[in-house]
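>>> Test case, fold it:
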Amino acid sequence: MLNLTGWGLDGWQWLFILEALPSILVGLAVLFYLTDFPSQARWLQPEEVAWLENVQATEKKNKEKVEHLSLFQALTDVRILLCALVYFCLNAASYGVAFFLPTIIKNFGVSDSQTGLLAALPFVFGAVGMVLLGRHSDRTMERKGHVAVALLMAAFGIGLSGLVSNPIVVMALLCFAQIGVSAVPPMFWPLPASFLTGASAAAGIAAINSLGNLSGFAGPYAMGYLKDLTGDFTAGLLLLAGCSLVGAIVAISLRIDVRREQVSEQVALAH
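Next comes the predicted model:
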């Protein structure tokens, strides 16, 4: 895409436009197609709507029977803040590497086209790993351990990639790291959802998302700063690996009763 020109636009401008276009199209599709409630989903059969609504109501009742958090309690709950820290550490590693991945690969001495193709490779592995790890997490109904292991994979791959110079080894380590990075979100979000309901769920998840995404600035900024300071990416990659390690430690120490989600799963199967 960087080599495209025309209509008075340079390659980087076409890159921005063409990469944004799919998101715009999907956004419009979501606006007109995605519904807010099962009862609005015209593609579901009446019995399917009834089943979904019954499961949702039972899940909410089971959660609130154990613990019901008000809006203020959700925003000040230490578990929400710790979940935000885990998400912050994940995004620091994710964005920090992703933003500079083409530059890291370009330093191998390859062309722009080769850089683009090689930069896509870790995300192919990430997509496969996300499905496999997520499926295993669903089968075992275990979240914290899976999130911690995935973050440790990210820490291992990112950290070692800053300590070796062989391009093939670097790419292999970054592919391994991306498996962990991509696998975390679908296994992480059931954790706060296991004790939040209603308005508290909306506020708590929004707080986690907002605080965690601050690292979308912090991670790349730290990578760029350390690259300018030291002349290479080693220090930055080690820092991001450290963030992933912290996230893994915090994730495994979260005091969240995951048995609530297991009960919800049993309810869904029973219905």
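>>> can you tell me the helix or strand for L25?
Assigned by DSSP states H and E, L25 belongs to helix 11-33.
>>> Show me what that helix is packed up against.
With contacts defined as 3 or more C-beta pairs under 8 Å, 6 or more residues apart in numbering; DSSP states H and E, helix 11-33 has no helix or strand neighbours. Bear in mind the C-beta positions are built from the backbone N, C-alpha and C, glycine included.
>>> Now for F176, how many residues are close by?
20 (other C-beta atoms under 10 Å).
>>> thought it was touching G159?
No - F176 lies out of contact with G159 (C-beta atoms under 8 Å); the separation is 11.1 Å.
>>> low-scoring stretches of the stretch 101-250 of the chain, by residue?
The stretch 101-250 of the chain contains residues with pLDDT under 70 at 197-199.
>>> Could I get the full set of helices for it?
112-140, 144-161, 167-188, 190-193, 198-212, 215-230, 234-253 (DSSP state H, counting those that start in this stretch).
>>> Just tell me which of the ones you listed ends up closest to L81.
helix 198-212 (7.8 Å; C-beta to C-beta).
>>> Alpha carbons of that closest one, as PDB, please.
Provided in PDB are the C-alpha atoms of helix 198-212 (Å, rounded to 0.1, in the frame of the first residue of the first chain):
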ATOM      1  CA  GLY A 198     -26.500  -4.400  35.100                       C
ATOM      2  CA  ALA A 199     -25.300  -0.800  35.500                       C
ATOM      3  CA  SER A 200     -22.400  -1.900  37.600                       C
ATOM      4  CA  ALA A 201     -21.200  -4.200  34.700                       C
ATOM      5  CA  ALA A 202     -21.400  -1.300  32.200                       C
ATOM      6  CA  ALA A 203     -19.500   1.100  34.500                       C
ATOM      7  CA  GLY A 204     -17.000  -1.500  35.700                       C
ATOM      8  CA  ILE A 205     -16.100  -2.800  32.200                       C
ATOM      9  CA  ALA A 206     -16.000   0.800  30.900                       C
ATOM     10  CA  ALA A 207     -13.600   1.700  33.700                       C
ATOM     11  CA  ILE A 208     -11.300  -1.300  33.000                       C
ATOM     12  CA  ASN A 209     -11.300  -0.500  29.300                       C
ATOM     13  CA  SER A 210     -10.600   3.200  29.700                       C
ATOM     14  CA  LEU A 211      -7.800   2.800  32.200                       C
ATOM     15  CA  GLY A 212      -6.300  -0.100  30.400                       C
END
